[in-house]
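Visitor: Take a look and give me a structure for this.
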Amino acid sequence: MQIEKDIVRIGFNPLTDCASLVMASVLGLDRKHGIRIVLSKETSWAGVRDKLLTGELDAAHALYGLVYATHLGVGSVRRDLAVLMNLNRNGQAITLSRRLVEDGVRDGAAVAALSHERELRWAQTFPTGTHAMWLYYWLAAHGVHPLREARVITVPPSQMATNLAAGHMDGFCAGEPWNHRAVMDGVGVTIATSQQIWPDHPEKVLATTADFARRNPNTARALVAAVLEASRWIDASAANRMAMAEIISAVQYVNTGKDVIWQRILGRYEDGMGRNWEDAHSMRFHQEGAANFPYLSDGMWFMTQQKRWGLLKASPDYLGVALKVQQVALYKEAAELTETAIPANPLRSSVLMDGIAWDGRDPERYAASFDIHL
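Guide: All right, here's what the predicted structure looks like:
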């Protein structure tokens with residue numbers, strides 16, 4: 001198998017869920033598969049998207065919704081993109097300002113009551129990304145229209161806790177470790193985790209352009225194989241997770257104390273309001289391959305929410321688009337190389353926080369089924 005491009009430039013944002021890309025490089029799993037990963041730390045998701053489109057990056061740690069929005073021409077020039085694999089599940093959160101908690105706002109119902117009285121200011125990390133969709137879904141499930149009863153702004157993930165402390169917003173939705181950073185700094189509380197919204201939800205993906213995947217199939221396959229092995233290594237033991245937390249805490253990666261990362265990586269949560277728990281659905285990188293498979297239904301769900309909130313003006317060909325974006329055949333080849341289990345069905349079924357089931361079988365009906373929408 002001839003590798004078309006042996007040096008692969010990969011962008012990432014400083015978040016815990018960049019870990020499998022970092023560890024693929026640190027553990028030498030990239031070189032095992034005949035490539036060398038060169039990581040590029042980025043400052044925003046818009047920067048990741050733009051560098052993918054210009055070819056400055058070959059691939060990237062990316063938001064699911066960003067990939068589909070770009071593929072469909074929402075918020076940027078339209079360009080065919082590809083999801084090589086899912087990088088992780090779970091592990092994001094909605095953080096509320098401690099100032100509101102001190103005023104008695106301690107749960108979703110209280111947030112809703114206050115939102116009906118005055119407009120709260122929320123931040124998410126990218127308008128079409130996962131964090132915007134988790135925030136909108138959570139607010140709507142509590143009866144708040146996120147586009148009419150809230151003001152939502154975009155802030156890079158690593159800047160969330162400092163902006164919350166400065167009083168620039170009332171709450172935010174972002175990835176770890178920035179929610180736990182806000183709790184540890186005493187400026188915010190975790191009012192909801194993303195896994196409470198959707199247990200075992202898809203989160204970041206390994207994305208590239210469709211052109212790169214088409215021109216460099218052996219490179220792409222080798223990259224997926226390396227990241228699959230790194231994902232398996234992370235999930236193999238608590239000791240591996242602790243070692244990973246120490247490595248990614250370094251300045252060239254997430255640039256924060258390992259104590260901010262390791263607790264939630266091990267599923268040990270505190271919300272900043274006196275509650276502590278062991279989370280059965282904390283961030284997972286592998287789960288015997290279940291966390292990595294690019295399910296068609298995962299990609300389709302983000303399109304249903306983009307349609308729900310008016311980001312997509314017309315219903316797309318949900319299945320047709322997902323079949324183009326999700327690189328299922330290439331992923332299966334890499335999974336076979338690494339002896340990773342492959343699910344029998346490219347669609348999976350889930351029940352979200354409002355009791356509504358999602359299985360990918362009738363996406364147009366699902367997108368139109370919500371009482372609160374644009």
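Visitor: G267: how many residues sit nearby?
Guide: 18 (other CB atoms under 10 Å). In short, each C-beta sits where N, CA and C put it, glycine included.
Visitor: wait, isn't it in contact with R241?
Guide: No. Taking contacts as CB atoms under 8 Å, G267 lies outside contact range of R241: 9.5 Å.
Visitor: Mind checking what helix or strand follows the longest helix anywhere in the chain in sequence?
Guide: Using DSSP state H, we find that the single longest helix of the chain is helix 217-235. For helix 217-235, the succeeding helix or strand toward the C-terminus, using DSSP states H and E, is helix 238-248.
Visitor: what's that next one packed up against?
Guide: The helices and strands touching helix 238-248, judged by 3 or more CB pairs under 8 Å, 6 or more residues apart in numbering; DSSP states H and E, are helix 19-26, helix 217-235, helix 258-265.
Visitor: buried residues in the very next helix or strand once past the first one?
Guide: This means helix 19-26. Sequence-wise, the next helix or strand downstream of helix 19-26 (DSSP H and E) is helix 29-32. By neighbour count on 16 or more other CB atoms under 10 Å, the buried set for helix 29-32 is L29, D30.
Visitor: Then stretch 92-100?
Guide: Q92, A93, I94, T95, L96, S97, R98, L100.
Visitor: Show me the contact partners of that stretch.
Guide: The contact list for stretch 92-100 (CB atoms under 8 Å, 6 or more residues apart in numbering) reads 105, 111, 114, 130-131, 134-135, 138, 160-161, 164, 167, 169-176, 178-179, 182-183, 186-194, 203, 272.
Visitor: Can you show me the strands along this structure?
Guide: 7-12, 36-41, 59-63, 81-86, 92-97, 120-124, 150-154, 171-175, 188-193, 204-209, 268-270, 276-278, 350-351, 357-358 (DSSP state E).
Visitor: looking at those, which is closest to P316?
Guide: strand 81-86 (14.0 Å; CB to CB).
Visitor: on that earlier part again, does anything pack onto the longest helix of the chain? Which helices or strands?
Guide: Judged by 3+ CB pairs under 8 Å, 6+ apart, helix 217-235 is in contact with helix 19-26, helix 29-32, strand 81-86, strand 204-209, helix 238-248, helix 328-337.
Visitor: re the thing from before, how about a markdown table for the strands of the chain, with distance to A230 and mean pLDDT added?
Guide: Converted to a markdown table, the strands of the chain look like this (distance: least, CB to CB, whole Å; pLDDT from 0 to 100):
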| stretch | distance to A230 | mean pLDDT |
| --- | --- | --- |
| strand 7-12 | 12 | 98 |
| strand 36-41 | 10 | 98 |
| strand 59-63 | 12 | 98 |
| strand 81-86 | 11 | 98 |
| strand 92-97 | 20 | 98 |
| strand 120-124 | 28 | 98 |
| strand 150-154 | 30 | 98 |
| strand 171-175 | 18 | 98 |
| strand 188-193 | 24 | 98 |
| strand 204-209 | 11 | 98 |
| strand 268-270 | 23 | 98 |
| strand 276-278 | 25 | 98 |
| strand 350-351 | 26 | 98 |
| strand 357-358 | 29 | 98 |
